[in-house]
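A.B. asks: need coordinates for the below:
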Amino acid sequence: MSKPAVKGGEANAAPPAPTKPTVKLSRLDQAAVLLLSLGESAAAEVLKHMGPKEVQRLGSAMSQLKNIQQYEVETVLANFLEEVRTQTGLGLGSDSYIRNMLIAAVGEDKANGLIDRILMGGNTTGLDTLKWMEARSVADIIRNEHPQIQAIVLAYLDPDQSAEVLTHFPEKVRLDVLMRVASLDTVQPSALQELNNILEKQFSGNAGSQTKQMGGYKKAAEIMNNLDSSVEGELMAAIREIDEDMGAQIADLMFVFDNLKDVDDRGIQALLREVSSEVLILALKGADDELKEKIFKNMSKRAAELLRDDLEAKGPVRVSEVEAAQKEVLTIARRMADAGEIVLGGSGEEML
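C.D. replies: This is a model prediction of the structure:
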């Protein structure tokens, strides 16, 4: 018995392949998935080549990963292999490749110091050792040193660590040291050698004969951005009282949560892809309507409606929780700005 003909040959058509959901993991979470996939030994070897902040961020991301689907792991690994194939530095001028890679990874300011040490074949300096230590321990080490030495150390450390170290100093010392950071421009080799003796470490290739660019208004502003709002407000008021021009210069370079209004729409959209919904909800609890509307308009209609509902349902939260969430958003924003992914604009004078 012959089979009935099917119009258009539909009986022979293959069923459509199921579409896998899109991977919505942030770049940081994808890096965490990759390291977890490598196994303990291989992951440890990768982490050895990273700085303390990168290790801390990745470690935190790995500990918070939950319910990762198999297709997400496969997609992360496939994306990584594709990037390795297309972005390998083999066959290129190594110095140029290393320089471009570091600038893309950590921004030009941080990359310059790394480039000098790498290309000159130097070893880890005593100051770098401090970056792996708890803030209280760093404060204890430099507590009895001259304020100028303390300022050089804070100018060298990452702003968030410097801010935490600063909180372990008496109020009068904070003011003196932060103003010295703002006044720093270059550091003489003799000063670096003095730090060398204090830390009982050797600088890479010795200190050399060239001065080192450190400190300045920008560094002071970055440290201020990472302080608690109450401490930041007190310090800013004290600085303005002593040196109004310095206070104004630092304030102009500070980037606070309210300044996200000045980031263009493309930058906001990129930032929102890196911020978790829980952190965003908390952060927006302390934002004004103008900033909230800017966030809403850079989301899909459905996502904006859900965010509005979540904000209304959240209820009262502690000011400290709001500030912590806003600082997390700002940390991500500054990291993306350093990598050239977004452009930060505007200035502010108070921390929300």
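A.B. asks: residue ranges with poor pLDDT in the stretch 1-150 of the chain?
C.D. replies: When residues are selected by pLDDT under 70, those of the stretch 1-150 of the chain lie in 1-23, 84-127.
A.B. asks: now residue 333. Nearest residue, chain neighbours left out?
C.D. replies: The shortest distance from residue 333 to any non-neighbouring residue, by Cβ to Cβ, 6 or more residues apart in numbering, is to residue 271 (5.7 Å). Every C-beta, even on glycine, is put in place using the N, C-alpha and C of the backbone.
A.B. asks: residues in contact with the one you found?
C.D. replies: Counting by Cβ atoms under 8 Å, 6 or more residues apart in numbering, residue 271 makes contact with 260, 263, 329, 332, 333, 336, 342.
A.B. asks: burial count for the nearest residue to the first one once chain neighbours are set aside?
C.D. replies: Read it as residue 260. Spatial nearest neighbour of residue 260, chain neighbours left out: residue 291 (6.1 Å); criterion: Cβ to Cβ, 6+ apart. Other residues lying near residue 291 total 19 when counted by other Cβ atoms under 10 Å.
A.B. asks: for the helix or strand where residue 291 lies, name the packing helices and strands.
C.D. replies: Element membership for residue 291 (DSSP states H and E) is helix 289-297. Under the contact criterion of 3 or more Cβ pairs under 8 Å, 6 or more residues apart in numbering; DSSP states H and E, helix 289-297 touches helix 265-274, helix 277-284, helix 301-314.
A.B. asks: just checking, residue 235 touches residue 174?
C.D. replies: Yes. In terms of Cβ atoms under 8 Å, residue 235 counts as a neighbour of residue 174; the distance is 6.2 Å.
A.B. asks: okay, and the common contacts of the two?
C.D. replies: For the pair residue 235 and residue 174, no residue contacts each of them under the criterion Cβ under 8 Å, 6+ apart.
A.B. asks: where do the strands sit along the stretch 1-150 of the chain?
C.D. replies: Using DSSP state E, counting those that start in this stretch, no strands are found in the stretch 1-150 of the chain.
A.B. asks: circling back: for the helix holding residue 291, buried residues please.
C.D. replies: Applying a neighbour-count criterion of 16 or more other Cβ atoms under 10 Å, one finds 291, 292, 294, 295, 296 buried in helix 289-297.
A.B. asks: can you tell me what sits against stretch 280-291?
C.D. replies: Applying Cβ under 8 Å, 6+ apart, the external contacts of stretch 280-291 come out as 257-258, 260-261, 272, 275, 292, 295, 307, 310-311, 314, 317, 319, 321-326, 328-329, 352.
A.B. asks: out of the buried residues of helix 289-297, the closest to residue 47 would be?
C.D. replies: When these are compared for distance to residue 47, the smallest value, 34.1 Å, is given by residue 295; criterion: Cβ to Cβ.
A.B. asks: residue 327 versus that closest one, what's the distance?
C.D. replies: Taking Cβ to Cβ, to the nearest Å as the measure, residue 295 falls 17 Å from residue 327.
A.B. asks: likewise for residue 250?
C.D. replies: 18 Å.
A.B. asks: the two: who's more crowded?
C.D. replies: For residue 250 and residue 327, the more surrounded residue by other Cβ under 10 Å is residue 250, and the numbers stand at 29 against 22.
A.B. asks: now name the helix or strand holding the more buried one.
C.D. replies: Of the helices and strands defined by DSSP H and E, residue 250 is found in helix 244-253.
A.B. asks: return the set of buried residues in that helix.
C.D. replies: Using 16+ other Cβ under 10 Å as the burial criterion, the residues of helix 244-253 that qualify are 246, 247, 249, 250, 251, 253.
A.B. asks: of all those, the one with the weakest confidence?
C.D. replies: Per-residue confidence over those reaches its minimum at residue 253, where pLDDT is 76.
A.B. asks: so how far is residue 291 from it?
C.D. replies: If you measure residue 253 against residue 291 using Cβ to Cβ, the figure is 20 Å.
A.B. asks: same question for residue 139.
C.D. replies: Relative to residue 291, residue 139 is positioned 35 Å away (Cβ to Cβ).
A.B. asks: so residue 294 sits against residue 261, correct?
C.D. replies: Yes. With contact taken as Cβ under 8 Å, residue 294 and residue 261 are classed as touching, separated by 5.8 Å.
A.B. asks: how is this protein divided into domains?
C.D. replies: Under automatic domain parsing, the residue ranges defining each domain of the chain are 27-119, 126-253, 257-338.
A.B. asks: so what's the residue count around residue 298?
C.D. replies: For residue 298, the tally of surrounding residues (other Cβ under 10 Å) stands at 19.
A.B. asks: what's the nearest residue to it if we skip its chain neighbours?
C.D. replies: Taking Cβ to Cβ, 6+ apart, and ignoring the residues beside it in sequence, residue 298 has residue 268 as its nearest neighbour in space, at 4.4 Å.
A.B. asks: burial measure for the one you found, as a count.
C.D. replies: With neighbours defined by other Cβ under 10 Å, the count for residue 268 comes to 20.
A.B. asks: now the one 4 residues further on
C.D. replies: By other Cβ under 10 Å, the residues close to residue 272 number 16.
A.B. asks: gap between residue 79 and residue 29?
C.D. replies: Using Cβ to Cβ, we find residue 79 at a distance of 12 Å from residue 29.
A.B. asks: same check, this time on residue 256
C.D. replies: Residue 256 sits 26 Å away from residue 29, taking Cβ to Cβ as the criterion.
A.B. asks: now residue 302
C.D. replies: Counting by Cβ to Cβ, the separation of residue 302 from residue 29 is 22 Å.
A.B. asks: can you verify my assumption that residue 80 contacts residue 37?
C.D. replies: No. Judged on Cβ under 8 Å, residue 80 makes no contact with residue 37 at a distance of 9.2 Å.
A.B. asks: that concludes my questions; thank you for your assistance.
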